[in-house]
Structures are given as structure tokens and as C-alpha cells.
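Visitor: Quick one, structure for this:
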Amino acid sequence: MRKTFLFLLAIVALTVTAQNPIVQTWFTTDPAPLSYGDKVYVYVGHDEDKADFFWMYDWRIYSSSDMVNWTDHGTQLSLSSFSWADDRAWAAQAIERNGKFYWYICAHSRLAGGMAIGVAVSDSPTGPFHDAIGKPLFDNGSWDNIDPTVFIDDDGQAWIYWGNPRVYYAKLNKDMVSFDGEVKTLEMTEQTFGGPVINQRKEGKQYKDSYVEGPWIMKRKDLYYLLYAAGGVPEHIAYSTAPTPEGPWTYRGTIMPLEDTKSFTNHCGIAQHKGHNYFFYHTGKLPGGGGFGRSVAIEEFQFNKDGSFPIIHHTNEGVRPIGTLNPYQRTEAETIAWAAGVKTENSRKSGVYVSEIHDGDYIKVREVDFGSSSPTAFTVCAASALQGGQIEVHLDSLSGQNIAVATVPNTGDWEKWQKIRTSVAQEVTGKHDVFFAFKGFKGTKLFNLDWWRFWLD
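Guide: Residues are numbered from 1 along each chain as shown. A predicted model of the protein is given here:
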């Protein structure tokens, strides 16, 4: 009982001003953002609950058009997607080319016995993805082959980088699933990365820094940037720059310094979207999280006038919204700004939906714009194999104005969906945060939730 009480206190404390971590239903790691069209997609790894090591077996996708409400697209790749992989679904990144989306992953190879680089492909940023070539893209039995990062240069040449404790790189052919030439390594020196690799360091000498893992390659104004986890354990984020993709690289310093993020690792990615620059990283700051239970967070930043990165500190507040949510169109229940207690699931029958809903749990969505006319009705699509429960709709806080209550009955199965329509009891206009508070018998699962919508008539 005391642990449950402390957990709820931690959640309440985080939600006063929190937007970080951006996902609370699952532990999410190693973020790789992709700005495409009107949305930012972030491709993440997944730490299992209660892990005491890097228990990671699948990859997930989230998207947002306003940077505060994130839609869960579920597990779209797992170790079972690759016949050659048998463990350690570690860091990955996706990129678009000619209408196809290529997701570069690393996993333990049953073929050569080390870590290997693989690639999956899809016609959509949210999948379904499948192994593009039926074998590893690179597999030489080494444990160095982790954390791939990829980009396409202005001339159309695609490059891929990866590695711990050194950086490997290669050109990709236009098919994005084969190499153009040999795999090379970057020079790992004090000049390039603040210090050489561990076995080349001089005893007693203090180095400026050291590359560890998690590279992120990008280009801005004809300058190439390589960001990476640095320093050892615990890790901070540092970067180097170069005039060409192959170098010469010059160490530039720290971006995110060591801070009390509750995680001894870090892994970053950059998205430039609608005139904003976003720095993605992970912490261990969710209740129950830590070094093996990490969660993606975001900060907005501005480059310095000389093109260098500023120092970026982690925050609980996260980023500001850059859009609004329309309540008069169907909104998937797994579109969430903040949640407490619930999980998400995805199935072939129903897609992604919210599950594990119990009394006292809730979901918050932000920047809901009702406009100048008040809605008259509210509809949810839910399912329950037990007694069901109630959904109270509150404005701006859990104790805020209660504008509607929907009662979910026993529908006969956890995926037998039923639409429940109820009236909106009080006038609502303008922008609000909306809280869906779940009520029912204590201690038992109440129902699953698929989507919701408000109506003007």
C-alpha cells in the first residue's frame, strides 16, 4: 500500500508542469526522431518493466503534430522480424527516401555471434515494416556493431555510421540496403573526439572527452555534425564537426552535461520541424525507471550564432505546443500528453488501444480547441469483459470542471467495441487541457479504450 501511495505521489508531482518524459505507458529508449510532412515521428527502443539489464526485444513508434500529444503506433518491429536476430533490440533510426521508410536496427546475430546491423522497410512511416534483405546489412561477429545512424546528403548520397567504442561508417547505395564500397572507421583522437579509444589512452593523462556510443549524424549549413554519448559511465552528450562526411572531425564540446537524469546512459537525436529545433534524449525519471528503465524526453533549443550547439539541460517541463487538438474529429485514445496507470496494446484485430485501465487512472490531452461553439455530446469507443466503469471528462485538471460522464458496460469481450454517447452537461469553449478520469470497482481492470470524439450537434 505504501509503495502504491508513493507511486501516485510521484505521478502527481510530475504532472503539475510535466511534459517529460513524453511517454508514460511504456519505457522508451534511444530516440530517433524523423520530421516528415506535418508530423514528427520518433522511433524508439523499449526497456521491459522491472528489468535489471538491457532487456529489449522490440521497437516502437510515436508521432505528434503539436509536440505535446503523442500517438502510440505500437510495436512495429521486434527480434522476430529478423530471422537472424536472437537478442538485444538496441538503438535504431529510420529515414525516408523516395516514399519508402528504412529503419536501421542493431541486434545480436545468431549467425556470427556478435551484434549486427539490419534494415527494415515500409511504405509508411508507421509501418508495417519487414526485413528488407532477409539477412544482416553488416555482420562480422564484433560486438562493436551497435547504434546505427543514417542521413542523406544534399547530393543524394546516403551515409550510415555506427559503433562502440569507435565509429564505423559507409556509403549506402541508392537502394538503401547495400553498401557502396568498404566499411571504414573514423580516426579516434584527442583532436577528433576529445580523446582516443580506451586502449590507446596514456596512463595519468587527462583527456577532454571520449566517444562511447550512440552516434547521430546530421548536416547544417554545409557543416557536418556528429553527436554521441561520451565520457564513459555515466554518459553525457558531446559532438564533433567536419567539412565532409569523412572528416577531418574536430571535437567541439558538451551539449548535454552530466545531470541527475536517473539514467547512466544517454542517447540523442535531433529534429528540425516547422522552424523549431528539438533535442531528443532519454532519462530514467518515470516512477519505477532508472538505468534499465529509460524514457524519452525532448527539449527545444536554438543554435548559437556561430553554428555551435548550446548547453542543453534536461527539464521536467519539456517543450511548448506548436499546434492544437481538434476535439470534433475521432481521436485515438492512445494519443496522450500524460497518463497515469494505463498501458497500450496493439493487436491485428483492433490496432493500438489503451488497456490496463483501473480506478484512479487517467489520461490527459493538451491544447484541445473547442472553438467558439460548445459541444453537445461526447462519444467513446470502449470494451469490457467485466463490469465496465465510468469515464469522467474534466477540464484543465483532475479536479476541474466535470463536463461529461460516460458509462462503459460489459460489452462481452476485451476487444468487442461499443460506442457510448453521452451529453455534455456544461458549456465549453476555447482551449483546454482535457482529463479523462477512470472510475469503477477498485483493484480490477475496468475496460479498454479505443477512441473518443466530441460533437457539436
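
Visitor: tell me the phi and psi of Phe193?
Guide: phi -130, psi 20 (degrees, to the nearest 10).

Visitor: State the number of residues packed around the residue lying closest to it once chain neighbours are set aside.
Guide: Excluding the flanking residues, the one nearest Phe193 by C-beta to C-beta, 6 or more residues apart in numbering is Tyr211, at 4.2 Å. To be clear about C-beta, it is placed using only N, CA and C from the backbone, and glycine gets the same treatment. As a burial measure, Tyr211 scores 28 neighbours (other C-beta atoms under 10 Å).

Visitor: and what of Glu299?
Guide: Neighbours of Glu299 (other C-beta under 10 Å): 18.

Visitor: Ok, Ser124 next?
Guide: With other C-beta under 10 Å as criterion, Ser124 counts 13.

Visitor: Now do the contacts for it.
Guide: Phe101 (C-beta atoms under 8 Å, 6 or more residues apart in numbering).

Visitor: Give me the contacts around the helix or strand Phe279 falls within.
Guide: Assigned by DSSP states H and E, Phe279 belongs to strand 276-283. Strand 276-283 is contacted from outside by 20-21, 28-33, 40, 42, 67, 237, 255-256, 261-263, 265-272, 289, 294-303, 312, 314, 319, 322, using C-beta under 8 Å, 6+ apart.

Visitor: Using PyMOL, make a named selection holding only the buried ones among the residues you listed.
Guide: Per 16 or more other C-beta atoms under 10 Å, the buried members of the contacts of strand 276-283 correspond to this PyMOL selection:
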select buried, resi 20+21+28+29+30+31+32+33+40+42+67+237+255+256+261+262+263+265+266+267+268+269+270+271+289+294+295+296+297+298+299+301+312+314+319+322
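
Visitor: can you tell me which of the contacts of strand 276-283 are in strands?
Guide: Counting by DSSP state E, the contacts of strand 276-283 place 29-33, 40, 42, 237, 255-256, 269-272, 295-301 in strands.

Visitor: wait, the residue nearest to Phe193 sits on Tyr161?
Guide: No. Contact status for Tyr211 versus Tyr161: not in contact, 11.1 Å apart, counting by C-beta atoms under 8 Å.

Visitor: between the two, what contacts are shared?
Guide: Counting by C-beta under 8 Å, 6+ apart, the residues touching both Tyr211 and Tyr161 are Val167.

Visitor: OK, contacts around Glu259?
Guide: Contacts of Glu259 (C-beta under 8 Å, 6+ apart): 313-314.

Visitor: That should have said Thr126, apologies.
Guide: So Thr126 contacts 41, 61, 63, 73, 76 (C-beta under 8 Å, 6+ apart).

Visitor: hmm, 6 Å instead?
Guide: Contact partners of Thr126, counting by C-beta atoms under 6 Å, 6 or more residues apart in numbering, are 61, 73.

Visitor: Numbering from 759 from now on, please.
Guide: That works, and once the first residue is 759, the last one we named lands at Thr884.

Visitor: is it true that it lies in a helix?
Guide: No. Looking at Thr884 with DSSP: H, G, I helix; E, B strand; the rest coil, it is coil, so not inside a helix.

Visitor: quick one: it and Val1110, what's the gap?
Guide: Here the criterion is C-beta to C-beta, to the nearest Å. By it, Thr884 lies 10 Å from Val1110.

Visitor: Check whether the residue nearest to Phe951 really touches Thr950, as I assumed.
Guide: No. Look at Tyr969 against Thr950 with C-beta atoms under 6 Å: they stay out of range, at 8.3 Å.

Visitor: residues near Trp828, how many?
Guide: 26.

Visitor: What of Asp807?
Guide: With other C-beta under 10 Å as criterion, Asp807 counts 12.
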